[in-house]
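**Student:** Build the 3D model from these lines:
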Amino acid sequence: MVRLIISGCNGRMGRVVETICSADPEFEIVAGFDLLGAAGDRDFPIYSSPSEFQGQADVVVDFSSPAALDALLEFGLQRRLPLVLATTGYSEQQLLDIDRAAGAIPIFRSANMSLGVNVLLQLVRSAVRALGEGFDLEIVERHHNKKVDAPSGTALMLADAAAEALPYTPEYVFDRQAVRKPRGKTEIGISSVRGGGIVGDHEVIFAGRDEVIELRHTAMSRDVFASGAIRAAKFLAGITAPGLYAMSDLISL
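**Tutor:** Take a look at the predicted model:
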């Protein structure tokens, strides 16, 4: 039995995690963290600050906001408790703080917890190695109109995956409106679309002289992200060695 804490339990993703875990006999939800405190009748206690929790747990799954990170890292370090960080939009300093904390406790972090997206990352690396420098690379990401960060963390993950496989350091271009010149050969273009209720759609375009290859992942519901985070929680609950873990530790091609 994995004793789970849901950070951001009142949010949309936190509630999806709760629904899935409540039906899974391998999990027991022992508490929730949320900056807004308790909200409605729940089957577990909710705390506005992690420091208020005095019970026992095996792992925390976080779908909250960057504003909650400092208290969550402090809690994990004090309790030597593994953390699954599924929140996006961290600052560079916060990413450094996560790396530092991972030197003392196990931390699992991914900007996208979907297994499919992480397979896409590996396919992008393979495609870049196979196609070489003769193809222009563009990434288009689409999300709902409530998403506050752009580009998405997943779009940047895809760009970074391509960059790892390129023989040069590419330039990420986010806005072509102010630039009136031909596309540079070392560019990776990243475009963002916000509208309606789009859960998440990422397209990677390899455009050659006479052919185009497109790799695409579409999330049909938020369940895919929650399911991936829950799988990560099961994995991390059995880990004692400090370190920064990722979806690549769960899947392989």
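
**Student:** moving C-terminal of the strand or helix carrying L236, what's the next helix or strand?
**Tutor:** In the assignment (DSSP states H and E), L236 maps to helix 223-237. Downstream of helix 223-237, the first helix or strand assigned by DSSP H and E is strand 243-245.

**Student:** buried set for that following strand?
**Tutor:** Neighbour-count burial for strand 243-245, counted by 16 or more other Cβ atoms under 10 Å, picks out Y245. For the C-beta atoms, the positions are set from N, CA and C on the backbone; glycine is no exception.

**Student:** residues making contact with that strand?
**Tutor:** Outside strand 243-245, the residues within contact range by Cβ atoms under 8 Å, 6 or more residues apart in numbering are I98, D99, A102, P106, I107, F108, R109, A232, F235, L236, I239.

**Student:** which among those residues gets closest to R183?
**Tutor:** R109 (32.5 Å; Cβ to Cβ).

**Student:** Got the phi and psi for the closest one?
**Tutor:** phi -130, psi 130 (degrees, to the nearest 10).

**Student:** and stretch 137-156, what's its mean pLDDT?
**Tutor:** Stretch 137-156 shows a mean pLDDT of 93.

**Student:** Just the C-alpha atoms of it, please, in PDB.
**Tutor:** What follows is stretch 137-156, C-alpha atoms only, in PDB (Å, rounded to 0.1, in the frame of the first residue of the first chain):
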ATOM      1  CA  LEU A 137      12.400  21.700 -37.300                       C
ATOM      2  CA  GLU A 138       9.200  23.500 -36.100                       C
ATOM      3  CA  ILE A 139       7.100  22.700 -33.000                       C
ATOM      4  CA  VAL A 140       3.500  23.800 -32.600                       C
ATOM      5  CA  GLU A 141       1.800  23.300 -29.200                       C
ATOM      6  CA  ARG A 142      -2.000  23.900 -28.600                       C
ATOM      7  CA  HIS A 143      -3.700  24.200 -25.200                       C
ATOM      8  CA  HIS A 144      -6.800  25.500 -23.600                       C
ATOM      9  CA  ASN A 145      -7.500  29.200 -23.000                       C
ATOM     10  CA  LYS A 146      -6.900  28.900 -19.200                       C
ATOM     11  CA  LYS A 147      -3.200  27.900 -19.500                       C
ATOM     12  CA  VAL A 148      -1.000  30.800 -18.300                       C
ATOM     13  CA  ASP A 149       2.500  29.800 -19.500                       C
ATOM     14  CA  ALA A 150       3.600  29.800 -23.100                       C
ATOM     15  CA  PRO A 151       5.300  28.000 -24.700                       C
ATOM     16  CA  SER A 152       4.300  24.900 -22.800                       C
ATOM     17  CA  GLY A 153       6.900  23.000 -20.800                       C
ATOM     18  CA  THR A 154       6.400  20.000 -23.100                       C
ATOM     19  CA  ALA A 155       7.200  22.100 -26.200                       C
ATOM     20  CA  LEU A 156      10.500  23.100 -24.600                       C
END
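
**Student:** Now the terminal residues of stretch 197-213, how far apart.
**Tutor:** 27 Å (Cα to Cα, to the nearest Å).

**Student:** can you check stretch 137-157 too?
**Tutor:** One end of stretch 137-157 sits 14 Å from the other (Cα to Cα).

**Student:** Touching it from outside, list them.
**Tutor:** Among residues not part of stretch 137-157, those counted as contacts by Cβ under 8 Å, 6+ apart are 88-89, 110-112, 117, 121, 128, 158-159, 162, 170, 172, 174, 187-207.

**Student:** now S7: how far from V60?
**Tutor:** From S7 over to V60 the distance is 6 Å, taken as Cβ to Cβ, to the nearest Å.
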